[in-house]
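**Q** Only the shape, not the letters, is given here:
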């Protein structure tokens, strides 16, 4: 249940989470992903094999909100951008607005449309007295107390995730992603798809 939820293990995520944990009150986050077009024969594009792009590709980014806020998602409203040729059986671009029980909010823009010169992933978080920008998990800028601090990184989290998993298997650490958290993130992901299909807000 933790496969794919690697972004929360990235060094930039660990530092960002540490900073946010010291900030009281709800936060707002915007996560923008330029995923690019999938080949029609790619298994992610095959509903029978992957369940479609929303389930197979957007789940780590929705999980990221749960990780940052350390709160339970309560409601999601989602829509998709259909191609000019008409609706697809399963969307490959989605925008989702997620409400959390602590008052936090997360907006995911996951787009197959764009240009390859643009960065793939950007996350901006706003909180009481803080703004944080995470760019492609390679740089983190923290704006706080009238100053800016910058950090540089080189990993999006897969290696750190596997290291944490091995430490757990060897009895050296607790489970890096408890089942309840992984289940919560997947339930949110399925709720996004339900919101798209039924054109309404969905309780998570």
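**A** Cool, got the structure. Predicted model, so just to flag it, every value in this text is computed and none were measured. Numbers count the residues shown, from 1 in each chain.
**Q** which secondary element of the chain has the worst mean pLDDT?
**A** Within the chain, judged by mean pLDDT, DSSP states H and E, the helix or strand with the poorest mean is helix 47-50; its value is a mean of 63.
**Q** can you map out the strands along this structure?
**A** 28-34, 73-80, 94-100, 105-111, 121-127, 130-135, 139-144, 147-152, 202-203 (DSSP state E).
**Q** hang on, residue 6 packs against residue 156?
**A** Yes. Proximity of residue 6 to residue 156 meets the contact threshold set by Cβ atoms under 8 Å, at 6.6 Å. Every residue, glycine included, has its C-beta placed from N, CA and C.
**Q** check contacts around the residue lying closest to residue 5 once chain neighbours are set aside.
**A** Once flanking residues are discounted, residue 5 sits nearest to residue 63: 4.8 Å by Cβ to Cβ, 6 or more residues apart in numbering. Going by Cβ atoms under 8 Å, 6 or more residues apart in numbering, residue 63 touches 5, 7-8, 181-182, 185, 188.
**Q** gap between residue 63 and residue 73?
**A** 10 Å (Cβ to Cβ, to the nearest Å).
**Q** joint contacts of these two?
**A** With Cβ under 8 Å, 6+ apart as the test, residue 63 and residue 73 both reach residue 188.
**Q** List the residues that contact the residue nearest the centre of the chain.
**A** Nearest to the geometric centre of the chain sits residue 61, at 1.2 Å (Cα atoms, centre = their mean). Residue 61 sits next to 7, 31, 33, 108, 110, 121 when contact means Cβ under 8 Å, 6+ apart.
**Q** wait, which of these is closest to residue 21?
**A** Distance to residue 21 across the contacts of residue 61 (Cβ to Cβ) is lowest for residue 7, with 17.1 Å.
**Q** And the pLDDT at the closest one?
**A** The model reports residue 7 with a pLDDT of 95.
**Q** Could you do residue 41 as well?
**A** At residue 41, pLDDT is 68.
**Q** now stretch 185-192, how far from the chain's geometric center?
**A** Distance, stretch centre to chain centre, for stretch 185-192: 11 Å (Cα atoms, centre = their mean, to the nearest Å).
**Q** Give me the mean pLDDT for it.
**A** 95.
**Q** List of residues touching that stretch?
**A** Residues from elsewhere that reach stretch 185-192 (Cβ under 8 Å, 6+ apart): 1, 5, 54-55, 58-59, 62-63, 66, 73, 76, 78, 94, 96, 98, 202-204.
**Q** From residue 123, how far off is residue 130?
**A** In terms of Cβ to Cβ, residue 130 sits 14 Å off from residue 123.
**Q** Between the two, which has more neighbouring residues?
**A** Counted by other Cβ atoms under 10 Å, residue 130 and residue 123 do not tie: residue 123 has more neighbours, with 26 against 16.
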